[in-house]
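Novice: got a predicted structure here, sequence first:
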Amino acid sequence: MDTSWDELTLAFSHTSMFPFFDIAHYLVSLMALKHQPGAAAVAWKNPISSWFTAMLHCFGGGILSCILLAEPPVRFLDNNTNILLASSIWYIIFFCPRDLVSQGYSFLPVQLLAAGMKEVTRTWKIVGGVTHASSYYKDGWIVMIAVGWARGAGGGVITNFEWLVKGGWKPEANEWLKMSYPAKVTLLGSVIFTFQHTKHLGISRHNLMFLFTMFLVVTKITMMVTETTIMPFAPFEDTLRRMLFGWQQQFSSCEKKSETKPSFNSTGSSASKPITDSSDRVKKKQSKKTE
């Protein structure tokens, strides 16, 4: 049983992402781009700008990881086959007669299949980023985590820069301020694979790749079928935030309640009234003496 399991996971870890999984990644990314307001009109008026934006959506993670490692950001242009494949998918999505590609993509089974295949590529990108960073910094596990996260989910950060250039950037949509589910789950995966790479996690890489990929695929498909945006580890994240960062807020709220709480005497009336009454009597006596 163990031998068959190891053979299965090992064969899975050697699966090539080209061309089918890469096609799914480009399809999901570019369909998300097309659904943005005004994206179709920009493609007709300025195809070069639309194509450049599409390449950022498809290869944004690789660009950001190159920037972090001080490598040329245009290194992704070196892979001519992937550039031509992504450009072809961009062309048929935006300029296909009668919008047949979008109509075919509107079926839920097609969306589930493409989204599941895209999550498979996420695992490969995280592992590739961690391994690539370790060739520069063998003991820099923070660098490995950052590059693995950038390779797997850096497209959101790069597209924020593109929105800033176009004048449509919104602070509440910034991945640094409000991380989306893909960014959080990619960060989690980058931490796990970094610990495995540095021998701090006692599990083989191919087994970890298989288990983490199954988690990504099942979670993504479940969220799409149930049409929910609630993250699977949101309760754990809430509990951890309260344990680590909620103590000061709890203490400050208790202090405010104690300061605003009024003091009462035994008769149930406020303690300040007798004081004011006695002061009024003293004033009346002094006025009589002066008269």
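Specialist: Looks like it arrived, so ask away. Residues are numbered from 1 along each chain as shown.
Novice: could you use CA atoms for every contact and neighbour count after this?
Specialist: OK.
Novice: grab the nearest non-local neighbour of the residue most central in space within the chain.
Specialist: Of all residues in the chain, the one closest to the mean position by Cα atoms, centre = their mean is A183, 2.2 Å from it. Distances taken as Cα to Cα, 6 or more residues apart in numbering place A153 nearest to A183, at 5.4 Å, with adjacent residues excluded.
Novice: how about the strands in the stretch 51-200 of the chain?
Specialist: In the stretch 51-200 of the chain, no strands are defined using DSSP state E, counting those that start in this stretch.
Novice: which residues of it score low on pLDDT?
Specialist: Residue ranges of the stretch 51-200 of the chain with pLDDT under 70: 165-177.
Novice: can you give me the helices for it?
Specialist: For the stretch 51-200 of the chain, the helices defined by DSSP state H, counting those that start in this stretch occupy 80-95, 100-105, 108-134, 141-153, 155-166, 181-197.
Novice: make TSV from the ones you listed and add distance to V42 to it.
Specialist: Converted to TSV, those look like this (distance: least, Cα to Cα, whole Å):
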stretch	distance to V42
helix 80-95	10
helix 100-105	17
helix 108-134	24
helix 141-153	25
helix 155-166	11
helix 181-197	27
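Novice: deepest of those, which one?
Specialist: Across these, averaging neighbours per residue (mean count of other Cα atoms under 10 Å) puts helix 141-153 on top, at a mean of 27.
Novice: what angle separates that one from helix 108-134?
Specialist: If you take axes from the mean of the first three to the mean of the last three Cα atoms, to 10 degrees, helix 141-153 sits at 150 degrees to helix 108-134.
Novice: that older thread, I figured the residue nearest to A183 hits P182, correct?
Specialist: Yes - if you go by Cα atoms under 8 Å, A153 and P182 touch, sitting 6.6 Å apart.
Novice: returning to that earlier point: check contacts around the residue nearest to A183.
Specialist: Neighbouring residues of A153 by Cα atoms under 8 Å, 6 or more residues apart in numbering: 61, 122, 182-183, 186.
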